[in-house]
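K.L.:
Would you be able to build a 3D model of this:
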Amino acid sequence: MSFYFQLKRWLVGDPLPTSASEEERLSNAAGLAVLASDALSSVAYATEEILLVLIAAGSAALTWSLPIAGAIVLLLVVVVLSYQQTIRAYPKGGGSYIVARENLGLVPGLIAAGSLMIDYILTVTVSISAGTAALTSAFPTLKPYTELLCLIFIFLLMVANLRGVRASGQLFVIPTYTFVVSIGLLILVGLFNQFTGRITNTETVIQATEGISLFLVLRAFSAGCAALTGVEAISDGILAFKPPEWKNARITLGYMGVLLAFMFLGITYLAHAYHIVPHEGETAVSLLSREILGRGPLYYFLQTTTLLILLLAANTSFADFPRLCYFLARDGFLPRQLALLGDRLVYSNGIILLSVCAGILVLIFRGNTSAIIPLYAVGVFTSFTLSQAGMVVHWFKERSAGWQFSAVMNSLGALTTAVVLGVIVLTKFLLGAWVVVVAIPIVMGLFLAIRRHYGYVARRLRSRQLRPIPNPRPKGAIAFNPAIVLVGNVHRGSLEALEYACSIADEIVAIHVDVGTTQREELLEDWKLLQTNIPLIILDSPYRSAISPIVEFVHKFEDCHPDVFSTVILPTFVPRNWWEELLHNQTAFFLRAALRANRSGVIVSTVRFYL
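P.N.:
Have a look, this model is predicted:
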């Protein structure tokens, strides 16, 4: 275990106290880099996905890319304006789960949450795969190592995020803005070449395999809607900004919308002007930059910045997925471990879970971006629609100043995103969207099963009224060992542990570790109901670890009782099913390991309560 902790410190860094949380905030510039990189990076593959669909109808059909891109930008404007209203209404964070649950009810809220969770995982998979494709386009010899490269990039992002928000924000600012500037210069140079007659690329005649149809155009539109994934990230991450958080979030969201519209329209227009036809082994952006810049240093520089922004796009999910898991875990729909802050003031368990899921998808789809795209956007547009519909209900309930304009914008957002969701499901269903359509209710069922389990545990632990417990044995001729009883909350499990302690010890102390979530007054009131003279000591844990304060207390307790063996009593409960073990902290296991690593001489005893 000591090796594990040493490796963790080396990778993640030293723990940060909870008091440092205010320092771990993002400026507008850093916030744009961390939270908007997903949306901004979509220009690296959104245009290509449109062209790959249209190419089936031959070269002439590629002209449809321009009106399709224009329609997507109009949709972007509606979504950005809609989410700005959400930020105003929810200055502490207006994620789709919170908005939908508060205004539409539990089931719509869980649908929104499940949709977003799936989409965040797919965002990491798509971004990492597309970034690796940019790398292998520039260096074809790396193509056989696509899956390995994807896994390495996921691991590096995981470690960067485990080190903390501010550290990752500082790491990501330069690549994001370098990409934006590079794409901007590419567009300007490309436009200059066009207007001065320097375009040398001739149109490639491609034989049509099917006729142009409304269904084909709609399928191209739904593929291009991948450009909008990640737009909601800023409204989810309001509290990551420096004060005034909601105002800075709205400003940053506006900047993101302008930059995304400019780059997406620019790339799509130039792809049409330069007759770009993407093919296996090289991306559309690579082909376009090679035509405009040649295959010199600038080309490789642009491909490098494209790789970096796509890697950082995955970071948007690393910022928001753990936060969404926190809200769900807080409400009892996910394991409670996902609600705990890690050593570096981030939700470490959520970050690790996201990394594992994305890595599995990379292996399943072999790092092929085009194979993953059909699954993409279903989840995010489902959450878009539910969030905007929830906001309409919110404005009609609140009727605060200026609510009419906000209600109109959110109504427009709900209507347009619902229509787009229908188009995406209709056109992508057989191509893979059915997987997400099936997965969302499965995830919802998982949420409800976890909630039922926690409810059952609470009822079992509180099924009887608190009763007085006996006091410790009086000191007498027979020597008894002193005992320390860990108390998470006052319930049947802890009562049985205290009763066991009273049967073996003549000196008992109960300890509770406050990791920042304890309701102290409620805990102390419950303790008084026990009518015992056993003292309850509450240990503060500024670093949110339950283990370290306990180990330190045990050592001090041993120093006060050098001639006898002390007993540490751990109340634990045994679930009905093996999988339910995963829903609870394994404090007993880690505490035993920590005491053993610190060569403590105490006896560790477990009192089991069967559920």
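K.L.:
my read: Ser222 touches Gly422, true?
P.N.:
No: if you go by C-beta atoms under 8 Å, Ser222 and Gly422 don't touch, sitting 9.7 Å apart. Every C-beta, even on glycine, is put in place using the N, C-alpha and C of the backbone.
K.L.:
quick one, helices of the stretch 301-450 of the chain?
P.N.:
Assigned by DSSP state H, counting those that start in this stretch, the helices in the stretch 301-450 of the chain fall at 348-365, 369-372, 378-398, 403-428, 434-461.
K.L.:
follow-up on the earlier one: Ser222 and Gly422 - which one has more neighbours?
P.N.:
Using other C-beta atoms under 10 Å as the criterion, Ser222 and Gly422 rank with Ser222 on top: 31 against 14.
K.L.:
just the CA coordinates of stretch 431-449, formatted as PDB?
P.N.:
C-alpha atoms of stretch 431-449 as PDB (Å, rounded to 0.1, in the frame of the first residue of the first chain):
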ATOM      1  CA  LEU A 431     -25.900   3.400 -38.300                       C
ATOM      2  CA  GLY A 432     -25.400   3.100 -34.600                       C
ATOM      3  CA  ALA A 433     -27.700   5.700 -32.800                       C
ATOM      4  CA  TRP A 434     -29.900   2.700 -31.700                       C
ATOM      5  CA  VAL A 435     -27.100   1.800 -29.200                       C
ATOM      6  CA  VAL A 436     -27.500   5.100 -27.400                       C
ATOM      7  CA  VAL A 437     -31.300   5.000 -27.600                       C
ATOM      8  CA  VAL A 438     -31.200   1.600 -25.900                       C
ATOM      9  CA  ALA A 439     -28.400   2.600 -23.400                       C
ATOM     10  CA  ILE A 440     -30.200   5.600 -22.000                       C
ATOM     11  CA  PRO A 441     -33.100   3.600 -20.400                       C
ATOM     12  CA  ILE A 442     -30.500   1.000 -19.200                       C
ATOM     13  CA  VAL A 443     -28.500   3.700 -17.400                       C
ATOM     14  CA  MET A 444     -31.800   5.100 -16.000                       C
ATOM     15  CA  GLY A 445     -32.600   1.700 -14.600                       C
ATOM     16  CA  LEU A 446     -29.100   1.600 -13.000                       C
ATOM     17  CA  PHE A 447     -29.700   5.000 -11.400                       C
ATOM     18  CA  LEU A 448     -33.000   3.800  -9.900                       C
ATOM     19  CA  ALA A 449     -31.500   0.500  -8.700                       C
END
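K.L.:
can you tell me how far Phe405 sits from Trp395?
P.N.:
9 Å (C-beta to C-beta, to the nearest Å).
K.L.:
can you check Glu552 too?
P.N.:
52 Å.
K.L.:
So between these two, which is more surrounded?
P.N.:
Taking other C-beta under 10 Å, Glu552 and Trp395 do not tie; Trp395 has more neighbours (22 against 12).
K.L.:
which ones are touching the more buried one?
P.N.:
Gln85, Ala89, Trp403, Gln404, Ser406, Ala407, Asn410 (C-beta atoms under 8 Å, 6 or more residues apart in numbering).
K.L.:
ditto for Pro108
P.N.:
Contacts of Pro108 (C-beta under 8 Å, 6+ apart): Ala100, Arg101, Leu386, Ala389, Gly390.
K.L.:
Could you give me the PyMOL syntax to select whichever of the residues you listed are buried?
P.N.:
This is how PyMOL selects the buried members of those, with burial counted by 16 or more other C-beta atoms under 10 Å:
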select buried, resi 100+101+386+389+390
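K.L.:
I figured Tyr454 hits Leu583, correct?
P.N.:
Yes: between Tyr454 and Leu583 a contact is recorded at 7.3 Å, counting by C-beta under 8 Å.
K.L.:
Show me the common contact partners of those two, please.
P.N.:
Arg336.
K.L.:
residues in contact with Gly220?
P.N.:
Actually, residue 220 is Ala rather than Gly. Taking C-beta under 8 Å, 6+ apart as the test, what Ala220 contacts is Glu49, Ile50, Val53, Leu54, Trp64, Ser65, Ile68.
K.L.:
With adjacent residues omitted, what lies nearest to it?
P.N.:
Val53 (4.0 Å; C-beta to C-beta, 6 or more residues apart in numbering).
K.L.:
Distance of that neighbour relative to Arg219?
P.N.:
In terms of C-beta to C-beta, Val53 sits 5 Å off from Arg219.
K.L.:
Likewise for Ile537?
P.N.:
Taking C-beta to C-beta, one finds Ile537 at 65 Å from Arg219.
K.L.:
continuing past the lowest-mean-pLDDT helix or strand in the chain, what's the next helix or strand?
P.N.:
Using mean pLDDT, DSSP states H and E, the weakest-scoring helix or strand in the chain turns out to be helix 2-12, at a mean of 58. Using DSSP states H and E, the next helix or strand after helix 2-12 towards the C-terminus is helix 28-35.
K.L.:
What residues sit buried inside that next one?
P.N.:
Within helix 28-35, judged by 16+ other C-beta under 10 Å, the buried ones are Ala30, Gly31, Leu32, Ala33, Val34, Leu35.
K.L.:
circling back to that earlier point, can you flag the weakest of the helices of the stretch 301-450 of the chain by average pLDDT?
P.N.:
Mean pLDDT values for those show the minimum at helix 369-372, a mean of 83.
K.L.:
Who are the packing partners of that one?
P.N.:
Under the contact criterion of 3 or more C-beta pairs under 8 Å, 6 or more residues apart in numbering; DSSP states H and E, helix 369-372 touches helix 106-138, helix 348-365.
K.L.:
In space, what's closest to the residue positioned nearest the centre of the chain - neighbours in sequence excluded?
P.N.:
Nearest residue to the geometric centre of the chain (C-alpha atoms, centre = their mean): Phe321, 1.1 Å. Spatial nearest neighbour of Phe321, excluding adjacent residues (C-beta to C-beta, 6+ apart): Tyr120 at 4.1 Å.
K.L.:
same thing with Val180?
P.N.:
Counting by C-beta to C-beta, 6+ apart, the residue nearest Val180 is Leu259, at 6.0 Å.
K.L.:
what's the distance between the one you found and Ile234?
P.N.:
Distance from Leu259 to Ile234, by C-beta to C-beta: 13 Å.
K.L.:
Which neighbours do those two have in common?
P.N.:
Ala36.
K.L.:
I'd like the distance between Ile206 and His275.
P.N.:
Counting by C-beta to C-beta - Ile206 and His275 are separated by 10 Å.
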